[in-house]
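Asks: How does the following fold in three dimensions:
(one chain, ligands or ions: 1)
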Amino acid sequence: MRRKSLKDAGLKITHPRMCILRVLQNNRNRHLTADGIYRRLAESGEEIGLATVYRVLNQFESSGLVEKHNFEGGQAYYELDDGQHHDHMVCLETGKVIEFVSEEIEAAQRKIAEEHGYDIENHSLVIYVRPSKK
Ligand SMILES: [Zn+2]
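Replies: Got it, this is the predicted structure:
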């Protein structure tokens, strides 16, 4: 997995861009909302406003540095675009985002597209879940 830099993305290095990229890179949970990024910056003493966070995230998105997900009924989530395909599960109770890759699902999708005379160009699958009651 290759980490893209601001330069690779054709963006000039600025302090807010550096800080926001660092938050995205160092975050264990790879999916963050603009709010979450803003809070992490504030916690680490960086005074970067929410409007700037949104602006930088839009720039990151247009330059292919991050991927934006508009999951149902919540805020948009951002993650670094590492070029690795994966699908998502979103918990409706906690908002937690879980990544997964299933070769079976990938193969089934290819088969379905094929049966209809198509090749898959791209797909996104989101499963909305709740913690199982056990
Ligand atoms: Zn993801």
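
Asks: isn't residue 90 right next to residue 128, touching?
Replies: Yes. Using CB atoms under 8 Å, residue 90 is in contact with residue 128, at 5.5 Å. Using the backbone N, CA and C atoms, a C-beta is placed for each residue, glycine as well.

Asks: overlap in contacts of these two?
Replies: Shared contacts of residue 90 and residue 128 (CB atoms under 8 Å, 6 or more residues apart in numbering): 71, 72.

Asks: Which one's more surrounded, these two?
Replies: Taking residue 90 and residue 128 together and counting by other CB atoms under 10 Å, residue 90 has the greater number of neighbours (20 against 12).

Asks: which parts of this structure sit against the ion?
Replies: Taking CB under 5 Å from the ion, the part of the chain that reaches the ion is made up of 79, 99.

Asks: try it again with 8 Å
Replies: 30, 31, 67, 69, 77, 79, 86, 88, 97, 99 (CB under 8 Å from the ion).

Asks: List buried members of those residues by neighbour count.
Replies: Using 16 or more other CB atoms under 10 Å as the burial test, the residues of the chain next to the ion include 31, 67, 69, 77, 79, 88, 97 as buried.

Asks: just those residues now: which is nearest residue 12?
Replies: Closest approach between those and residue 12, by CB to CB: residue 67, at 21.5 Å.

Asks: Test my guess that that closest one contacts residue 81.
Replies: Yes. The criterion here is CB under 8 Å, and residue 67 meets it with residue 81 at 4.5 Å.

Asks: Is the most centrally placed residue in the chain in a helix, a strand, or coil?
Replies: Centroid check for the chain by CA atoms, centre = their mean gives residue 79 as the closest residue, at 2.6 Å. Assigned with DSSP: H, G, I helix; E, B strand; the rest coil, residue 79 falls in the strand class.
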